[in-house]
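Q: Here's my sequence, what's the structure:
(2 chains)
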Amino acid sequence: AQSVTQPDIHITVSEGASLELRCNYSYGATPYLFWYVQSPGQGLQLLLKYFSGDTLVQGIKGFEAEFKRSQSSFNLRKPSVHWSDAAEYFCAVGPSGGYNKLIFGAGTRLAVHP
Amino acid sequence: SAVISQKPSRDICQRGTSLTIQCQVDSQVTMMFWYRQQPGQSLTLIATANQGSEATYESGFVIDKFPISRPNLTFSTLTVSNMSPEDSSIYLCSVEDGGQHYNEQFFGPGTRLTVL
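A: Okay, here's the model as predicted:
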(Lines give C-alpha, C1' and ligand atoms only; values in the text may rest on other atoms or scores of the structure.)
Protein backbone atom coordinates (compact mmCIF):
# COMPACT_ATOMS: atom_id res chain seq x y z
CA ALA A 1 0.00 0.00 0.00
CA GLN A 2 1.12 3.52 -0.70
CA SER A 3 1.97 5.48 2.42
CA VAL A 4 4.07 8.26 3.86
CA THR A 5 5.53 8.13 7.34
CA GLN A 6 6.75 11.10 9.28
CA PRO A 7 8.10 9.54 12.47
CA ASP A 8 8.33 12.75 14.47
CA ILE A 9 5.03 14.29 15.51
CA HIS A 10 6.60 17.19 17.37
CA ILE A 11 10.10 18.64 17.18
CA THR A 12 11.47 21.54 19.18
CA VAL A 13 14.68 23.29 18.23
CA SER A 14 16.42 26.44 19.31
CA GLU A 15 16.62 29.35 16.94
CA GLY A 16 19.81 29.10 14.92
CA ALA A 17 20.09 25.35 15.33
CA SER A 18 20.01 22.95 12.42
CA LEU A 19 16.91 20.99 11.55
CA GLU A 20 16.13 17.67 9.94
CA LEU A 21 12.59 16.39 9.48
CA ARG A 22 12.24 12.78 8.48
CA CYS A 23 10.04 11.34 5.78
CA ASN A 24 9.83 7.73 4.61
CA TYR A 25 7.54 6.49 1.90
CA SER A 26 6.19 3.25 0.56
CA TYR A 27 5.36 3.38 -3.13
CA GLY A 28 5.20 0.97 -6.03
CA ALA A 29 7.40 3.02 -8.31
CA THR A 30 9.65 6.04 -8.10
CA PRO A 31 7.31 8.74 -6.89
CA TYR A 32 7.30 12.47 -7.08
CA LEU A 33 8.08 13.84 -3.62
CA PHE A 34 7.05 17.08 -1.98
CA TRP A 35 7.40 19.02 1.23
CA TYR A 36 4.72 21.48 2.22
CA VAL A 37 4.54 23.88 5.15
CA GLN A 38 1.36 24.99 6.89
CA SER A 39 1.55 27.97 9.20
CA PRO A 40 -1.20 28.38 11.80
CA GLY A 41 -4.50 29.27 10.12
CA GLN A 42 -2.94 29.14 6.68
CA GLY A 43 -3.13 26.89 3.66
CA LEU A 44 -0.26 24.77 2.46
CA GLN A 45 2.78 26.25 0.78
CA LEU A 46 5.08 24.17 -1.36
CA LEU A 47 8.64 24.23 -0.01
CA LEU A 48 10.31 21.99 -2.56
CA LYS A 49 9.81 19.02 -4.81
CA TYR A 50 11.76 16.12 -6.30
CA PHE A 51 10.86 14.72 -9.67
CA SER A 52 14.13 13.35 -11.03
CA GLY A 53 17.81 14.16 -11.45
CA ASP A 54 19.91 15.59 -8.66
CA THR A 55 18.83 13.93 -5.42
CA LEU A 56 19.55 17.04 -3.36
CA VAL A 57 16.91 19.65 -4.05
CA GLN A 58 16.80 23.23 -2.93
CA GLY A 59 13.61 24.94 -1.93
CA ILE A 60 12.34 28.20 -0.65
CA LYS A 61 13.15 29.74 2.73
CA GLY A 62 16.56 28.06 2.86
CA PHE A 63 15.22 24.50 2.98
CA GLU A 64 16.67 21.54 1.16
CA ALA A 65 15.81 17.87 0.95
CA GLU A 66 17.65 14.76 -0.11
CA PHE A 67 16.07 11.83 -1.92
CA LYS A 68 17.59 8.49 -0.94
CA ARG A 69 16.10 5.73 -3.03
CA SER A 70 17.79 2.94 -1.05
CA GLN A 71 16.22 4.20 2.16
CA SER A 72 12.91 5.33 0.65
CA SER A 73 13.47 8.63 2.38
CA PHE A 74 13.11 12.29 1.57
CA ASN A 75 14.30 14.19 4.62
CA LEU A 76 13.97 17.94 4.91
CA ARG A 77 16.83 20.00 6.27
CA LYS A 78 17.68 23.54 7.15
CA PRO A 79 21.09 24.61 8.49
CA SER A 80 19.83 27.41 10.74
CA VAL A 81 16.23 27.66 11.90
CA HIS A 82 14.45 30.98 12.31
CA TRP A 83 11.59 31.62 14.72
CA SER A 84 9.30 32.14 11.71
CA ASP A 85 9.87 28.51 10.67
CA ALA A 86 7.57 27.33 13.45
CA ALA A 87 4.78 25.56 11.59
CA GLU A 88 3.55 22.14 10.54
CA TYR A 89 5.46 20.35 7.83
CA PHE A 90 3.97 17.73 5.56
CA CYS A 91 5.75 15.31 3.31
CA ALA A 92 3.75 14.05 0.32
CA VAL A 93 4.18 11.61 -2.52
CA GLY A 94 2.49 11.40 -5.87
CA PRO A 95 2.71 9.28 -8.99
CA SER A 96 5.34 10.15 -11.55
CA GLY A 97 3.56 11.24 -14.70
CA GLY A 98 -0.17 11.62 -15.05
CA TYR A 99 -2.21 13.67 -12.69
CA ASN A 100 -0.93 14.17 -9.24
CA LYS A 101 -2.95 12.40 -6.56
CA LEU A 102 -0.99 13.25 -3.44
CA ILE A 103 -0.66 11.11 -0.35
CA PHE A 104 0.34 13.08 2.72
CA GLY A 105 2.20 12.10 5.83
CA ALA A 106 0.77 12.86 9.25
CA GLY A 107 2.86 15.98 9.59
CA THR A 108 5.57 17.19 11.96
CA ARG A 109 4.88 20.19 14.14
CA LEU A 110 7.98 22.32 14.59
CA ALA A 111 8.41 24.62 17.57
CA VAL A 112 11.31 27.07 17.71
CA HIS A 113 12.69 28.32 21.01
CA PRO A 114 14.29 31.76 21.11
CA SER B 1 1.81 29.97 -9.75
CA ALA B 2 -1.97 29.94 -9.44
CA VAL B 3 -3.63 32.06 -6.77
CA ILE B 4 -6.54 30.32 -5.10
CA SER B 5 -9.26 31.75 -2.92
CA GLN B 6 -11.93 29.98 -0.92
CA LYS B 7 -15.22 31.12 0.49
CA PRO B 8 -16.19 31.09 3.26
CA SER B 9 -12.96 31.13 5.22
CA ARG B 10 -14.77 29.66 8.21
CA ASP B 11 -18.28 28.80 9.28
CA ILE B 12 -20.17 27.35 12.19
CA CYS B 13 -23.12 25.21 11.16
CA GLN B 14 -25.87 23.23 12.78
CA ARG B 15 -26.16 19.49 12.55
CA GLY B 16 -28.25 18.34 9.60
CA THR B 17 -27.63 21.39 7.42
CA SER B 18 -25.44 21.70 4.33
CA LEU B 19 -22.63 24.07 3.44
CA THR B 20 -21.25 24.87 0.01
CA ILE B 21 -17.61 25.87 -0.21
CA GLN B 22 -16.37 27.80 -3.22
CA CYS B 23 -12.92 27.62 -4.75
CA GLN B 24 -11.84 30.26 -7.25
CA VAL B 25 -8.58 30.22 -9.22
CA ASP B 26 -7.04 33.18 -11.01
CA SER B 27 -6.13 31.13 -14.07
CA GLN B 28 -7.55 28.22 -16.02
CA VAL B 29 -6.55 24.85 -14.62
CA THR B 30 -7.41 21.34 -15.64
CA MET B 31 -7.17 19.54 -12.35
CA MET B 32 -8.80 20.64 -9.11
CA PHE B 33 -8.77 18.65 -5.92
CA TRP B 34 -10.66 18.77 -2.64
CA TYR B 35 -9.04 17.68 0.61
CA ARG B 36 -10.21 17.31 4.17
CA GLN B 37 -7.99 17.99 7.16
CA GLN B 38 -9.58 16.79 10.37
CA PRO B 39 -8.45 18.41 13.61
CA GLY B 40 -4.81 17.62 14.29
CA GLN B 41 -4.65 15.32 11.29
CA SER B 42 -3.08 15.26 7.89
CA LEU B 43 -4.81 15.89 4.59
CA THR B 44 -7.01 13.31 2.95
CA LEU B 45 -8.10 13.59 -0.66
CA ILE B 46 -11.87 13.68 -1.02
CA ALA B 47 -12.19 13.88 -4.80
CA THR B 48 -10.69 15.10 -8.03
CA ALA B 49 -12.74 17.51 -10.11
CA ASN B 50 -12.18 17.95 -13.82
CA GLN B 51 -14.15 20.41 -15.85
CA GLY B 52 -16.84 18.76 -17.94
CA SER B 53 -16.83 15.41 -16.18
CA GLU B 54 -18.07 13.85 -12.99
CA ALA B 55 -15.82 14.16 -9.97
CA THR B 56 -13.80 11.11 -9.01
CA TYR B 57 -14.20 10.22 -5.33
CA GLU B 58 -11.69 8.48 -3.12
CA SER B 59 -12.52 5.49 -1.00
CA GLY B 60 -14.67 6.49 1.94
CA PHE B 61 -16.19 9.54 0.26
CA VAL B 62 -19.45 9.51 -1.67
CA ILE B 63 -21.16 11.96 -3.97
CA ASP B 64 -24.34 12.13 -1.89
CA LYS B 65 -22.36 13.43 1.07
CA PHE B 66 -19.86 15.60 -0.81
CA PRO B 67 -21.36 16.72 -4.13
CA ILE B 68 -18.91 18.66 -6.27
CA SER B 69 -19.46 20.99 -9.18
CA ARG B 70 -16.88 22.11 -11.72
CA PRO B 71 -18.67 24.42 -14.15
CA ASN B 72 -15.55 25.94 -15.72
CA LEU B 73 -11.77 25.92 -15.62
CA THR B 74 -11.46 28.47 -12.80
CA PHE B 75 -14.16 27.48 -10.31
CA SER B 76 -15.39 24.55 -8.24
CA THR B 77 -17.68 23.99 -5.29
CA LEU B 78 -17.78 21.31 -2.63
CA THR B 79 -20.95 20.81 -0.62
CA VAL B 80 -20.86 19.10 2.75
CA SER B 81 -24.34 17.64 3.12
CA ASN B 82 -26.38 16.66 6.15
CA MET B 83 -23.55 17.67 8.42
CA SER B 84 -22.63 16.08 11.71
CA PRO B 85 -19.97 17.10 14.24
CA GLU B 86 -17.64 14.54 12.64
CA ASP B 87 -17.55 16.77 9.55
CA SER B 88 -15.80 19.50 11.52
CA SER B 89 -12.59 19.94 9.55
CA ILE B 90 -10.63 22.25 7.35
CA TYR B 91 -11.56 21.76 3.71
CA LEU B 92 -8.94 22.74 1.17
CA CYS B 93 -9.03 22.94 -2.56
CA SER B 94 -5.93 22.64 -4.64
CA VAL B 95 -5.08 22.90 -8.30
CA GLU B 96 -2.48 21.45 -10.57
CA ASP B 97 -1.16 24.43 -12.39
CA GLY B 98 0.41 22.84 -15.43
CA GLY B 99 3.04 24.54 -17.53
CA GLN B 100 6.29 24.97 -15.66
CA HIS B 101 4.50 23.82 -12.52
CA TYR B 102 3.34 20.55 -14.03
CA ASN B 103 2.61 18.00 -11.33
CA GLU B 104 2.74 20.61 -8.58
CA GLN B 105 -0.33 21.31 -6.51
CA PHE B 106 -1.12 24.72 -5.08
CA PHE B 107 -3.50 25.04 -2.20
CA GLY B 108 -6.13 27.50 -1.21
CA PRO B 109 -6.24 28.93 2.32
CA GLY B 110 -8.87 26.46 3.43
CA THR B 111 -12.36 26.66 4.92
CA ARG B 112 -12.58 25.90 8.61
CA LEU B 113 -15.92 24.23 9.33
CA THR B 114 -17.33 23.64 12.79
CA VAL B 115 -20.52 21.61 13.12
CA LEU B 116 -22.46 21.88 16.36
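
Q: what residues does chain B put near chain A?
A: Counting by Cβ under 8 Å from any Cβ of the partner chain, the residues of chain B close to chain A are B:4, B:31, B:33, B:41-45, B:48, B:92, B:94, B:96, B:103-110. Just so you know, the C-beta spots here come from the backbone N, C-alpha and C atoms, and that holds for glycine as well.

Q: Go again with 10 Å.
A: Residues of chain B found near chain A (Cβ under 10 Å from any Cβ of the partner chain) are B:1, B:4, B:6, B:9-10, B:30-31, B:33, B:35, B:37, B:40-45, B:48, B:50, B:56, B:58, B:90, B:92-94, B:96, B:101-110, B:112.

Q: What's the PyMOL syntax to select whichever of these are buried?
A: Here is the PyMOL command that selects the buried residues among the residues of chain B next to chain A (16 or more other Cβ atoms under 10 Å in any protein chain shown):
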select buried, chain B and resi 4+6+31+33+35+37+42+43+45+48+50+90+92+93+94+96+101+103+104+105+106+107+108+109+110+112
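
Q: so of the residues of chain B next to chain A, which ones are in strands?
A: Counting by DSSP state E, the residues of chain B next to chain A place B:4, B:6, B:10, B:31, B:33, B:35, B:37, B:43-45, B:48, B:50, B:56, B:90, B:92-94, B:96, B:101-107, B:112 in strands.

Q: and the most centrally placed residue in chain B, what does it touch?
A: Geometric centre of chain B, nearest residue: residue B:34, 3.2 Å, by Cα atoms, centre = their mean. Residue B:34 makes contacts with B:21, B:23, B:45-49, B:55, B:57-58, B:61, B:66, B:68, B:76-78, B:91-94, B:108, as judged by Cβ atoms under 10 Å, 6 or more residues apart in numbering or on different chains.

Q: So which helix or strand of chain B has the lowest pLDDT on average?
A: Lowest by mean pLDDT, DSSP states H and E among the helices and strands of chain B is strand B:101-107, with a mean of 77.

Q: which residues touch it?
A: For strand B:101-107, the external contacting residues (Cβ under 10 Å, 6+ apart) are A:32, A:34, A:36, A:38, A:42-46, A:49, A:51, A:92, A:94-102, B:1-4, B:6, B:25, B:29, B:31-33, B:35, B:43, B:92-98.

Q: From those residues, list just the buried residues.
A: By neighbour count, with 16+ other Cβ under 10 Å, those hold A:32, A:34, A:36, A:38, A:43-44, A:46, A:49, A:51, A:92, A:94-95, A:100-102, B:2, B:4, B:6, B:25, B:29, B:31-33, B:35, B:43, B:92-97 as buried.

Q: show me what contacts residue A:17?
A: Residue A:17 makes contact with A:78, A:79, A:80, A:81, A:112, A:113, according to Cβ under 10 Å, 6+ apart.

Q: ok, which of the residues you listed also contact chain B?
A: Among the contacts of residue A:17, not one lies near chain B by Cβ under 10 Å from any Cβ.

Q: These, buried ones only, as a PyMOL selection?
A: Selecting only the buried entries of the contacts of residue A:17 in PyMOL, with 16+ other Cβ under 10 Å as the criterion:
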select buried, chain A and resi 78+81+112
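
Q: Adding distance to residue A:26, pLDDT and secondary structure as columns, could you present the contacts of residue A:17 in TSV?
A: Listed next are these as TSV, based on distance: Cβ to Cβ, whole Å; pLDDT from 0 to 100; DSSP: H, G, I helix; E, B strand; the rest coil:
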residue	distance to residue A:26	pLDDT	secondary structure
A:78	25	98	strand
A:79	29	97	coil
A:80	32	97	coil
A:81	29	97	coil
A:112	30	96	strand
A:113	33	94	strand
